[in-house]
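Participant: Build me a model:
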Amino acid sequence: MDKVPPGIDPSVPSPARIYDYLLGGKENYAADREAAAQLIQAAPNAQEEVRANRRFLIRAVEYLADQGIRQFLDIGTGLPTQENVHEVALRKAPDSRIVYVDNDPIVLVHARALLGRNPQVIVVEGDLREPEGILDNPEVTAHLDFSEPVGLLLVAILHFLPDEAAYPAVAKLRDRLAPGSHLVISHGSAGRLDDKGVAAIRRVYARSSAGEAVARTREEILRFFEGCELVEPGVVTVDEWRPREGEPVRTRTEGAVVYGGVGVVG
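Facilitator: A predicted model of the protein is given here:
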């Protein structure tokens, strides 16, 4: 990416741009590519996990659409790439409405440029650490009807929040969702990384705009689904969540792990 939007320091890595680079995108700077290289050095399977996470997102959105979900709230959407939430949802259910939320200025610029004047999709600025600001945003409440089921997507975002912010944020969001809503979460975990590898990843994100990264265990990730009925097969590695025929289901013998799951709000 050549041009630098006002207010952006390209020397500070961004999780969204690091993720974009690992997915094979071009919306990133040298600092992001260097950070990605450091992640791969610490966890050689990092790029594979990111791509598996994207496949999980696609399958989860398709599943929600098949369950009749027609409203999608994607918080921490990241930079647009192929098979975004709105593309998958609208392909399955053309009457779907989608809200993207992010606090990264570059994400907002690129998402709005990509979506143009699509009346079924909006992009708003918001921060997961302030869930009320998202839920009470007039643009959001005009686009989504929270008295009807919503698909809430928190994909690869919660591991950038400490416990004291992450668990309350999810609880506040979940409590505003109508019964029958679906909660989609994917989350990084240390897996088989040793303490040295985990520390190296934390250092990378400590120098990024996120400020930190928290590698929770599967049991800690399960806590986010309190008040929900888990969809089979529960919280598993993202490869293992309802894979399509022909998709890889890897046995992880080393490196980090991304877990994913979907819960139904009761």
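Participant: What are the buried residues along stretch 147-155?
Facilitator: By neighbour count, with 16 or more other Cβ atoms under 10 Å as the criterion, the buried positions of stretch 147-155 are 149-155. (C-beta placed from N, C-alpha, C; glycine too.)
Participant: Compile those into CSV and extend it with columns for secondary structure, pLDDT and distance to residue 15.
Facilitator: Conversion of the buried residues of stretch 147-155 to CSV gives the following (DSSP: H, G, I helix; E, B strand; the rest coil; pLDDT from 0 to 100; distance: Cβ to Cβ, whole Å):
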residue, secondary structure, pLDDT, distance to residue 15
149, coil, 98, 29
150, coil, 98, 24
151, strand, 98, 22
152, strand, 98, 20
153, strand, 98, 16
154, strand, 98, 14
155, strand, 98, 12
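Participant: and of those residues, the nearest to residue 212?
Facilitator: Minimum distance to residue 212 across the buried residues of stretch 147-155 is 16.8 Å, recorded for residue 154 (Cβ to Cβ).
Participant: gap between the closest one and residue 216?
Facilitator: To residue 216, residue 154 is 13 Å away according to Cβ to Cβ, to the nearest Å.
Participant: Repeat that for residue 110.
Facilitator: In this view, residue 110 and residue 216 are 29 Å apart by Cβ to Cβ.
Participant: Which one of those two is surrounded by more residues?
Facilitator: In terms of neighbours (other Cβ atoms under 10 Å), residue 110 is the more surrounded of residue 110 and residue 216; the figures are 22 against 19.
Participant: Measure how far the helix or strand harbouring the more buried one is from the centre of its chain, please.
Facilitator: In the assignment (DSSP states H and E), residue 110 maps to helix 105-115. Distance, stretch centre to chain centre, for helix 105-115: 16 Å (Cα atoms, centre = their mean, to the nearest Å).
Participant: Stretch 208-215 too?
Facilitator: 14 Å.
Participant: now swap in stretch 79-90 and tell me
Facilitator: Worked out by Cα atoms, centre = their mean, stretch 79-90 lies 12 Å from the chain centre.
Participant: Check which helices and strands the helix holding residue 110 sits against.
Facilitator: On a contact count with 3 or more Cβ pairs under 8 Å, 6 or more residues apart in numbering; DSSP states H and E, helix 105-115 meets helix 15-22, strand 97-102, strand 121-125.
Participant: For residue 206, see how far away residue 98 is.
Facilitator: Counting by Cβ to Cβ - residue 98 and residue 206 are separated by 32 Å.
Participant: Between these two, which has more neighbouring residues?
Facilitator: Using other Cβ under 10 Å, the more surrounded residue of residue 98 and residue 206 is residue 98, with 28 against 11.
Participant: can you pull the contacts of that one?
Facilitator: Residue 98 sits next to 71-72, 74, 85-86, 89-90, 120-122 when contact means Cβ atoms under 8 Å, 6 or more residues apart in numbering.
Participant: Alpha carbons of the lowest-mean-pLDDT helix or strand in the chain, in CSV - could you do that?
Facilitator: Comparing every helix and strand of the chain by mean pLDDT, DSSP states H and E singles out helix 105-115 as the least confident one, with a mean of 81. In CSV, the C-alpha atoms belonging to helix 105-115 read as follows (Å, rounded to 0.1, in the frame of the first residue of the first chain):
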residue,chain,number,x,y,z
PRO,A,105,-9.2,4.2,10.2
ILE,A,106,-7.7,2.3,7.3
VAL,A,107,-10.3,-0.4,7.7
LEU,A,108,-13.1,2.1,7.7
VAL,A,109,-11.8,3.9,4.6
HIS,A,110,-11.3,0.7,2.5
ALA,A,111,-14.6,-0.9,3.7
ARG,A,112,-16.6,2.2,2.8
ALA,A,113,-14.9,2.5,-0.6
LEU,A,114,-15.6,-1.2,-1.4
LEU,A,115,-19.2,-1.2,-0.4
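Participant: What lies in contact with that helix?
Facilitator: Residues contacting helix 105-115 (Cβ under 8 Å, 6+ apart): 5, 7-8, 14, 16-17, 27, 77-80, 86, 100, 102, 121-123, 125.
Participant: That'll do, ta.
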